[in-house]
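K.L.:
Just a sequence and a predicted model for now, questions to come.
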Amino acid sequence: MLDYLGLAEVSGGTLSLIFVAVGLFGILAGGVTDAIMGDRGFGMFGNGLLIVMGCLTGLYAERFFFGVVYPRDIVLTGICAACGATAILLIFGVAKHWVRD
């Protein structure tokens with residue numbers, strides 16, 4: 001899996017730092033999303049987890065549809081990650097609405 005993500009040559013310390021940064025981003029984005037969504041959301045940690053999962057899904061879709069992505073394609077990468085996170089939050093939000101009613 002690390003080969004697929006391009007992280008096979010990264011040291012253990014750097015990899016740990018990447019995971020901590022992704023976790024902090026998820027919590028921060030989850031807090032902002034929780035403030036926006038209110039009762040329709042899943043709480044700060046739930047929204048953060050869904051956002052990180054959505055970003056990873058968007059990045060996987062980007063690589064699947066566009067092939068190798070280069071560092072200069074940062075705008076495309078950001079758009080794919082944001083669309084994936086939005087789609088996951090929308091899907092789970094609608095599912096929560098259907099289950100609750």
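P.N.:
Ah, there it is.

K.L.:
Pull out the buried positions in stretch 43-59.
P.N.:
Neighbour-count burial for stretch 43-59 flags 44, 47-59 (criterion: 16 or more other Cβ atoms under 10 Å). All C-beta atoms are positioned from the backbone trio N, CA, C, and that covers glycine.

K.L.:
What are the contacting residues of that stretch?
P.N.:
22-23, 25-31, 33-34, 37, 41-42, 77, 80-89, 92 (Cβ atoms under 8 Å, 6 or more residues apart in numbering).

K.L.:
Can I have the buried ones of these as a PyMOL selection?
P.N.:
Entered in PyMOL, the line below selects the buried ones among the contacts of stretch 43-59, by 16+ other Cβ under 10 Å:
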select buried, resi 26+27+29+30+33+34+41+42+77+80+81+83+84+85+88+89+92
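
K.L.:
next structured bit after the lowest-mean-pLDDT helix or strand in the chain?
P.N.:
Scoring the helices and strands of the chain by mean pLDDT, DSSP states H and E places helix 2-5 at the bottom, with a mean of 68. Next in sequence after helix 2-5, counting helices and strands by DSSP states H and E, comes helix 12-37.

K.L.:
what pLDDT, on average, does that next one get?
P.N.:
Mean pLDDT, helix 12-37: 90.

K.L.:
How far does that helix sit from its chain's centre?
P.N.:
Helix 12-37 sits 9 Å away from the centroid of its parent chain (Cα atoms, centre = their mean, to the nearest Å).

K.L.:
which helices and strands does it pack with?
P.N.:
Using 3 or more Cβ pairs under 8 Å, 6 or more residues apart in numbering; DSSP states H and E, the elements in contact with helix 12-37 are helix 43-66, helix 74-100.

K.L.:
Just send those back as a markdown table, with mean pLDDT too.
P.N.:
A markdown table is the format used below for the helices and strands packed on helix 12-37 (pLDDT from 0 to 100):
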| stretch | mean pLDDT |
| --- | --- |
| helix 43-66 | 91 |
| helix 74-100 | 90 |
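
K.L.:
Nearest to Phe66 among the buried residues of stretch 43-59?
P.N.:
Leu59 (10.7 Å; Cβ to Cβ).
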